[in-house]
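[1] Structure for the following, please:
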Amino acid sequence: MLFWVILFFCGSLFGQRGNTRYWQQKADYKIIVDVDVKKNQYSGSQTIKYKNNSPDTLKNAYFHLFFNAFKPNSEMDIHSRSIKDPDKRVRNRINNLQKKDQGFLKILALKQGGHELKYEIVGTTLEAELNSPIKPGDSAFFDVKFHGQVPLMVRRAGKNSPEGVALSMAQWYPKLAEYDFEGWHADPYIGREFYGVWGDFDVSITIDEKYVVGGTGYLKQSFLSNDKTNQNKKTWRFIAPKVHDFSWAADPEFIHDKRVTKNGVIINFYYKRNLSADHIKNWEQLQPAAEKLMLFFSENIGAYPYKQYSFIQGGDGGMEYGMCTFITGKRTFESLVGVAAHELAHSWFQFVLATNESKHEWMDEGFAEYYGTLAESYVIDLNKENYYNTLYKRYKDYAVSGYEQPQTTHADRFKYNNSYSVSAYVKGFLFLRQLKYLLGEDAFNRTIKKYFRDWSFKHPSPNDFIRIAEKITQAELDWYLTDWTQTTNNIDYSLKKIEKSEGKIVIRIERLGLMPMPLDLKVVFTDGSVKEFHIPLQMMRKDRPLKKGVIKLSDWPWAAPSFEFSFDYTKEVNKVLLDPKNKIADINRENNLIFVKKND
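    Residues are numbered from 1 along each chain as shown. This is a model prediction of the structure:
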């Protein structure tokens, strides 16, 4: 544990971004908030200790005021009404919200070092001019007083969810924007994805005493208020070390169950007691399943670093937060396990490996989808191959639609919501599946574990990830990262010829797509025997280990549009299969198979 403490707090570590040192900012929050459950409003104050570990002097600061998105004509509202395939949960709902159901987050006071700051609020972003620039290595203290109104549940956070959960409190407080090697990330809240500053949170929530509260962090104490103005209220104090966000949910009808895993992590379950008997049974069955999920991720990625995790009925589907998730509760058992697996996987790929998911959403959603699917199949009877085929079809349809955008597209800049979904979830999933094919299972597993070990509690970029794979295998993989994530190039290889010539079987393959891949090929003879070949990709420099009996051919240089090879004719060929195990996302598999006619 001492290693992690040193790693986290030193703030200036060697990274993989040229010759510069890796650094990251730190923001510690102390938040005190009082909630009026009748008005669904809250008032609070917070002190932020902000450490500037960057090499830059900061003259401005930016805060996210996410709840301002939930009012008519916000950017989120306009975007939802103008995009061609709106999210069915949003559509024009924000535009139709009555005033009492709209969200807002108002700033009553903002100070730096005790002195008022000049600021402007632009939608969901507060832009402040600092009184005293923060020099490299220095710290500053911000004091904020705020007043908010919880919107009717539209997207992720809000009051009165479709399942009747009173409060799902995500993105609810004035949150300092992230500043990293690319500068400030003060993106408006339009559609999705978040990026935050690492720090420690001390949060006290005073609310009606009938409400049960769960969320990020460790509950340090809960006590009834002695304040006459807060009669019949209870204060819940949570401590959350080394997180980049804080969320919570509350409801007077929550059942709170606990399960302690064999590695000592407390898993909490909050769900409404008025669920049907079948749904309550599903939540009870989820508890041993959740322990299996937790242990699966810890074994296959890296040890879960916190002492608790909470599955909370709330939100509008499934959404990950620090040490917890909000998931809808009226589900079949299989659906409940599926959403739990995906959201729990985010604790590794977003809340410990905190990529900028606005820019690299596939590194979070796609990786969580990949490992969540593996974990789900480990716990329940999920046919992984059928699931993969479904994802492949979604990708193929997208790739040939003419609407594909590169994965480097900002999460809010996709022309279609479906484009974002396929890019983030499906192409992100396929990125890992194909990488396993490129590296081999052992090197792939070592890559994931080293990635988690080296980049926990930091903000890794795509290059940081692929460089780990390169160092483990000594292969060159920048071509894979570039083509798959930064372009819309696709994979399309075709078997063009198989013939007998001078006692040889001659096979020709053509590359029709712009994206290269090393290739597996299988020849099946009429007697049922097989011969397997592998064609390395020249620019990869080093190939994966091949199983015994596979014949390794010469390298295929990418620029060559075709590749031809031959072997001795000893018996009749029945068929030839390219990529026989469907390990690469070739957009046209119909030209990957040739049957040989008799007497050819």
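
[2] Let me know whether residue 43 touches residue 144 as I believe.
    No. With contact defined as C-beta atoms under 8 Å, residue 43 and residue 144 do not form a contacting pair (11.7 Å). Just so you know, the C-beta spots here come from the backbone N, C-alpha and C atoms, and that holds for glycine as well.

[3] ok, those two, which is more surrounded?
    residue 144 (22 against 16; other C-beta atoms under 10 Å).

[4] now that one, what's its secondary structure?
    When classified by DSSP: H, G, I helix; E, B strand; the rest coil, residue 144 comes out as strand.

[5] can you check residue 583 too?
    Assignment for residue 583 (three-state DSSP): coil.

[6] For it, which non-adjacent residue is spatially closest?
    residue 437 (4.1 Å; C-beta to C-beta, 6 or more residues apart in numbering).

[7] Against which helices or strands is whichever strand or helix holds the one you found packed?
    Per DSSP states H and E, residue 437 falls inside helix 427-439. Using 3 or more C-beta pairs under 8 Å, 6 or more residues apart in numbering; DSSP states H and E, the elements in contact with helix 427-439 are helix 361-379, helix 384-399, helix 441-455, helix 462-473, helix 478-486.

[8] Now do the third one against helix 427-439, angle only.
    Read that as helix 441-455. 120 degrees (axes from the mean of the first three to the mean of the last three C-alpha atoms, to 10 degrees).

[9] what about stretch 507-527, average pLDDT?
    Regarding stretch 507-527, the rounded mean pLDDT is 98.

[10] how far does that stretch stretch from start to finish?
    Using C-alpha to C-alpha, to the nearest Å, one end of stretch 507-527 lies 19 Å from the other.

[11] quick check, distance from that stretch to the centre of its chain.
    Centroid separation for stretch 507-527 versus its chain: 34 Å, with C-alpha atoms, centre = their mean, to the nearest Å.

[12] Centre-most residue in the chain?
    Residue closest to the mean C-alpha point of the chain, counted by C-alpha atoms, centre = their mean, is residue 364 at 2.3 Å.

[13] wait, it sits on residue 345?
    No. Counting by C-beta under 8 Å, residue 364 does not reach residue 345; the two are 9.4 Å apart.

[14] Which neighbours do the two have in common?
    By C-beta atoms under 8 Å, 6 or more residues apart in numbering, residue 364 and residue 345 have no common neighbours.

[15] circling back: okay, angle between the helix holding residue 437 and helix 478-486 too, please.
    Going by the same axes, to 10 degrees, helix 427-439 makes 170 degrees with helix 478-486.

[16] now the angle from helix 427-439 to helix 361-379?
    Using the same axes, to 10 degrees, helix 427-439 lies at 80 degrees relative to helix 361-379.

[17] what residues does helix 427-439 touch?
    361-367, 369-370, 373, 388, 391-392, 395, 407, 444, 447, 469, 472-473, 475, 477, 480, 484-485, 517-518, 540, 544, 583-585.

[18] which residues does the residue of the chain positioned farthest from its centre contact?
    In the chain, counting by C-alpha atoms, centre = their mean, residue 502 sits farthest out from the average C-alpha position, at 55.4 Å. Going by C-beta under 8 Å, 6+ apart, residue 502 touches no other residue.

[19] One more: residue 424?
    361-362, 364-366, 407, 411.

[20] Recalculate using a threshold of 10 Å.
    192-193, 357, 360-366, 368-369, 407, 409, 411, 414 (C-beta atoms under 10 Å, 6 or more residues apart in numbering).

[21] Distance check, it against residue 412.
    Note on residue 424: its distance to residue 412, by C-beta to C-beta, to the nearest Å, is 12 Å.

[22] May I have the lengthiest helix in the chain exported as CSV, CA atoms only?
    Longest helix in the chain by number of residues, with DSSP state H as the criterion: helix 277-300. C-alpha atoms of helix 277-300 as CSV (Å, rounded to 0.1, in the frame of the first residue of the first chain):
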residue,chain,number,x,y,z
ALA,A,277,-41.2,-10.7,-5.0
ASP,A,278,-39.5,-11.9,-8.2
HIS,A,279,-37.4,-8.8,-8.5
ILE,A,280,-36.4,-8.9,-4.8
LYS,A,281,-35.4,-12.5,-5.3
ASN,A,282,-33.2,-11.4,-8.3
TRP,A,283,-31.4,-8.8,-6.1
GLU,A,284,-30.8,-11.4,-3.5
GLN,A,285,-29.4,-13.8,-6.1
LEU,A,286,-27.2,-11.0,-7.4
GLN,A,287,-25.3,-10.9,-4.2
PRO,A,288,-23.2,-14.2,-4.5
ALA,A,289,-23.0,-13.5,-8.3
ALA,A,290,-21.5,-10.0,-7.6
GLU,A,291,-18.8,-11.6,-5.4
LYS,A,292,-17.9,-13.9,-8.3
LEU,A,293,-17.7,-10.9,-10.6
MET,A,294,-15.5,-8.9,-8.2
LEU,A,295,-13.1,-11.9,-7.8
PHE,A,296,-13.0,-12.4,-11.6
PHE,A,297,-12.0,-8.9,-12.3
SER,A,298,-9.5,-8.8,-9.5
GLU,A,299,-7.9,-12.0,-10.7
ASN,A,300,-7.9,-11.2,-14.5
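
[23] on contacts alone, who are the packing partners of the helix or strand that it is followed by?
    Read in the C-terminal direction, the helix or strand following helix 277-300 is strand 308-313, with elements assigned using DSSP H and E. Contacts defined by 3 or more C-beta pairs under 10 Å, 6 or more residues apart in numbering; DSSP states H and E place strand 308-313 against strand 212-215, strand 248-251, strand 254-260, strand 266-272, helix 277-300, strand 324-327, helix 333-349.

[24] what packs against the helix or strand just after strand 308-313?
    As assigned by DSSP H and E, the chain's next helix or strand after strand 308-313 is strand 318-321. Identification of packing neighbours for strand 318-321 by 3+ C-beta pairs under 10 Å, 6+ apart yields strand 167-169, strand 324-327, helix 333-349, helix 361-379.

[25] Would you mind telling me which of the ones you listed is nearest residue 87?
    For residue 87, the closest of these is helix 361-379, at 15.0 Å, according to C-beta to C-beta.
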